[in-house]
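Student: sequence unknown, structure follows:
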């Protein structure tokens, strides 16, 4: 098995309706590698080929992962389910690996400034 490279884990791992009722709802599990394809393709605007290079897998693998992730997102939004992001076949980028400015959120997270109270 070839591990999919992922920049970083999401800040939040649970999404969905709020309130006590949410704890009773059916949940959908999105894997970390599925999350990464959504982030790279939909948020960063990469083509599937670019995403495949970043994740160190074939484009056809990215296409399958991405399609699975989109179906899960649709199920969560349309049916009002809770989504958890966990598990999957991935390895985080090593700190020593050189990453360009496009596609890795690790750099952006370190640049976030929080207002002083």
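Tutor: Noted; the coordinates are in hand. Being a predicted model, the structure only gives us computed values, none of them experimental.

Student: What's the mean pLDDT across the helix or strand where residue 72 lies?
Tutor: Taking DSSP states H and E as the definition, residue 72 sits inside helix 59-79. Averaging pLDDT along helix 59-79 yields 95.

Student: go on, stretch 35-52?
Tutor: 95.

Student: For that stretch, which outside residues touch it?
Tutor: 4, 6-7, 10, 54-55, 58-59, 61-63, 65-66, 69-70, 73, 85, 90, 102-103, 105 (CB atoms under 8 Å, 6 or more residues apart in numbering). C-beta here means a position set from N, CA and C on the backbone, and glycine is covered the same way.

Student: ok, residue 10 touching residue 85?
Tutor: Yes: in terms of CB atoms under 8 Å, residue 10 counts as a neighbour of residue 85; the distance is 5.4 Å.

Student: between those two, who's got more neighbours?
Tutor: The neighbour comparison of residue 10 against residue 85 (other CB atoms under 10 Å) goes to residue 85, with 21 against 16.

Student: need the contact list for that one.
Tutor: 10, 12-15, 29-32, 35.

Student: The same query, at a cut-off of 7 Å, please.
Tutor: Residues near residue 85 by CB atoms under 7 Å, 6 or more residues apart in numbering: 10, 13, 30, 32, 35.

Student: State the number of residues packed around the fourth one.
Tutor: Right, the one you point to is residue 32. Neighbours around residue 32, by other CB under 10 Å: 20.

Student: what's the helix holding residue 72 packed up against?
Tutor: Secondary-structure packing of helix 59-79 (3 or more CB pairs under 7 Å, 6 or more residues apart in numbering; DSSP states H and E): strand 27-30, helix 32-38, helix 48-55.

Student: Could you list the buried residues of the next helix or strand after it?
Tutor: Using DSSP H and E, the next helix or strand after helix 59-79 towards the C-terminus is strand 82-85. With burial defined by 16 or more other CB atoms under 10 Å, the residues of strand 82-85 counted as buried are 82-83, 85.
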